[in-house]
Structure formats: structure tokens, C-alpha cells
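1. Need coordinates for the following:
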Amino acid sequence: MEPAVGERRLLRYGFKSAMDPNYDCRHVVEIEQEPRHHLVFENEYVRAFAVEIAPHERTLCHHHPNDYLLYVANGAEIISSPRDEEPKRFTYRDGECELSPAGLKHVVENLGDKPFRNVVVELLPRAGELRRGAEPEVSAEDRPEAGFEARTTLILHQERAAIFRLEIEPGASVEISGPAVVATPYENKLNPEALGDIQVWPHPVCDFAWVPANRRAVLWGCWEHTGRAIVFQIGRTDEQGYAVSKARTPLRSLRAAKKEIPRRFE
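-> Numbers count the residues shown, from 1 in each chain. Prediction:
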């Protein structure tokens with residue numbers, strides 16, 4: 001049986017001790033100093049990292065000082081060697097995600113022949129002040145009978161955050177309520193010129209955007225083919241577990257690069 005989304009499957013042990021020089025953690029660097037963890041943007045609530053470990057390479061031993069959301073965009077078979085523990089071997093698959101606690105110090109080695117790519121969104125202490133906005137919503141005019149559509153899938157739901165996968169056909173759009181991090185770790189890129197005051201931070205591994213609290217942005221399918229994006233919604237829900245508010249401030253266009261859509265879709 002295949003593991004569920006967000007579930008890691010431990011394959012086997014059988015390594016040397018945690019003092020194996022291949023996974024030496026006597027010297028630990030902070031995550032932003034680890035060369036394969038690229039800090040793309042940060043604010044008072046989150047830090048967003050684009051992570052790519054080349055085939056058969058390993059990271060420095062690094063420290064995760066905050067709770068963090070992990071989304072795997074290109075899976076691999078890896079070894080994770082925590083400090084003072086035995087190395088462990090895992091298989092990660094595209095689309096797996098999890099919320100991990102602060103404090104981990106480890107080395108990660110990619111055993112595969114393809115890059116191990118993932119997105120890490122750290123939850124800084126002030127993220128606890130945020131209240132979650134409404135879930136991503138397909139724009140009302142986007143219907144299958146119109147020849148284009150978008151789909152939103154909840155893939156992780158925790159008290160402090162949620163992760164959604166968006167699949168957007170050319171011409172369709174999805175409304176995203178803040179506070180949220182938008183990431184495009186696949187082939188499609190965000191277009192910073194069409195965002196108004198919703199800023200985009202481009203990076204070769206993954207583009208990011210931040211939608212502030214009580215704001216909405218529209219992510220348009222401006223690619224030549226169906227595009228994918230990942231939305232990390234930050235903040236707690238109310239006592240019943242529902243998003244606290246649906247932002248009604250003016251929409252901001254969160255267009256994507258490559259193909260311009262006629263004005264009639266706006």
C-alpha cells in the first residue's frame with residue numbers, strides 16, 4: 001500500500017553509528033547558512049526556503065530553529081541523519097507534506113539520480129498571532145463548460161497552518177486569502193510585473209509570493225498548460241476549526257508568467 005500524503009515511509013536501518021564521518025554533526029550551521037537551503041524571503045511571520053539537493057550529494061549538518069512546513073516537489077530516496085541518532089533511510093514522494101517541530105539538527109543525503117526538491121516555510125513566533133483566512137476558492141466564472149477550470153485540494157490541515165495544491169488550466173483563476181505563502185516549485189513561474197503590490201520573490205528553484213492578512217489575490221492560469229501552485233495558509237482557525245474570516249479587500253492579480261490571457265477573463 002502506498003503511504004498517505006504527509007506520511008514518510010522508513011525503508012531500513014543498517015547504517016553505522018551517528019558518529020559516522022559521512023554524517024558528522026559535531027559542527028552545526030543554521031538553516032539559512034546551509035548552501036542547499038536558499039532563504040528566498042522572510043517577514044515577521046515566516047521564512048521561506050527553496051531547497052534542492054543534487055543527486056548523490058549531502059547537506060551540511062544544519063539546525064531547524066522553528067516549527068516548519070515541508071512540501072516535497074520532487075521526491076527522492078534520502079538518508080536523514082539526526083544529531084546523536086542513527087541515520088534513517090526514507091522515500092519521499094512528490095506531493096508529500098508535513099508540519100515538523102523545531103529543534104531538528106541533521107544531515108540529509110540524496111541517494112537518487114534526480115534532485116531532491118522541496119519547499120520549507122518556517123513559522124516564526126509571531127505567526128501565532130495570525131488568524132487564517134478563507135480557503136482558496138475557484139473564481140465563480142470558471143466552470144468546466146466554459147472550457148477551463150481550476151482545482152484546489154487540501155493536502156495538510158493543522159491547527160496552525162494548512163497546505164493546498166492548486167491545479168489551474170489556462171484561463172482559469174483561484175482567489176487566495178491571506179495570510180498565505182504562494183509557491184511555484186514546478187515548471188510554471190510567477191510574473192512579478194503583474195502583481196500590483198503583492199510582491200513576488202523569484203528563484204530558480206521556486207518562486208514565492210506573500211499575501212498579507214485580510215487581503216486577497218487572484219492566481220491566474222497564464223501558462224500554456226495546466227500549472228500547479230502550492231498555498232501555505234498561515235494562522236489558527238476559530239474554535240470550530242473554520243477559517244476565521246474571508247477577506248473582502250480589493251482583489252490583486254497574482255498572474256503567472258509565460259502566456260498572457262485576454263482581458264475578458266478579468
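2. which stretches of the chain have low pLDDT?
-> 1-20, 140-148, 192-197, 238-266 (pLDDT under 70).
3. can we see that at 90?
-> Along the chain, the parts satisfying pLDDT under 90 run over 1-25, 75, 84-85, 139-149, 169-173, 187-199, 217-227, 237-266.
4. ok, which stretches of it are helices?
-> Ranges of helices in the chain, per DSSP state H: none exist.
5. domain ranges for it?
-> Listed by automatic domain parsing, the domain ranges of the chain are 9-126, 130-265.
6. Quickly list what I163 is bridged to.
-> Taking DSSP bridges, one obtains L156, F232 as the residues bridged to I163.
7. got the contact list for it?
-> By C-beta atoms under 8 Å, 6 or more residues apart in numbering, the contact list for I163 reads 69, 71, 97, 154-156, 230-233. For glycine as for every other residue, the C-beta is placed from the backbone atoms N, C-alpha and C.
8. Nearest residue to R47 in space, ignoring adjacent ones along the chain?
-> E122 (4.2 Å; C-beta to C-beta, 6 or more residues apart in numbering).
9. separation between the one you found and V46?
-> Using C-beta to C-beta, to the nearest Å, E122 is found at 6 Å from V46.
10. what's the answer for V205, then?
-> For V205, the distance to V46 (C-beta to C-beta) stands at 17 Å.
11. neighbour count winner among those two?
-> Shown here are V205 and V46; by other C-beta atoms under 10 Å, V46 has more neighbours (25 against 19).
12. from the contacts of I163, which is closest to E52?
-> Using C-beta to C-beta, Y71 is the member of the contacts of I163 that lies nearest E52, at 13.2 Å.
13. Run through the residues that contact that closest one.
-> Contacts for Y71 (C-beta under 8 Å, 6+ apart) come out as 95-97, 118-119, 121, 163, 183, 185, 230, 232.
14. Farthest-apart pair in the residues you listed, please.
-> Checking the contacts of Y71 with C-beta to C-beta, the most distant pair is G95 and V121, at 15.8 Å.
15. Looking at those two, which one has more neighbours?
-> The neighbour count for G95 versus V121, taken as other C-beta under 10 Å, is higher for V121 (26 against 17).
16. tell me the contacts of the more buried one?
-> Contacts for V121 were tallied using C-beta under 8 Å, 6+ apart; they are 46-49, 68-69, 71, 161, 181, 183, 232, 234.
17. 10 Å instead?
-> By C-beta atoms under 10 Å, 6 or more residues apart in numbering, the contact set of V121 is 45-49, 66-71, 99, 127, 161, 163, 180-181, 183, 208, 230, 232, 234.
18. And Q233, by the same measure?
-> Counting by C-beta under 10 Å, 6+ apart, Q233 makes contact with 69, 130, 132-136, 154, 156-157, 160-164, 176-181, 211, 243.
19. of those residues, buried ones?
-> 69, 130, 132-136, 156, 160-164, 176-181, 211, 243 (16 or more other C-beta atoms under 10 Å).
20. In strands, which of these appear?
-> With DSSP state E as the criterion, strands contain 69, 156, 161-164, 176-177, 180-181, 211 from among the buried ones among the contacts of Q233.
21. Name the nearest of the residues you listed relative to C25.
-> Ranking these by separation from C25, with C-beta to C-beta as the measure, puts L69 on top at 23.4 Å.
22. ok, now how distant is the nearest residue to that closest one once chain neighbours are set aside from T59?
-> In space, and not counting its chain neighbours, L69 is closest to V121: 4.4 Å by C-beta to C-beta, 6+ apart. Distance of V121 to T59, given as C-beta to C-beta: 18 Å.
23. who touches E77 in this structure?
-> Contact analysis of E77 by C-beta under 10 Å, 6+ apart lists 11, 89-92, 109-113, 116.
24. And it, how far from C25?
-> Plainly put, E77 is 21 Å away from C25 if you go by C-beta to C-beta.
25. what's the answer for T184, then?
-> Counting by C-beta to C-beta, the gap from T184 to C25 is 33 Å.
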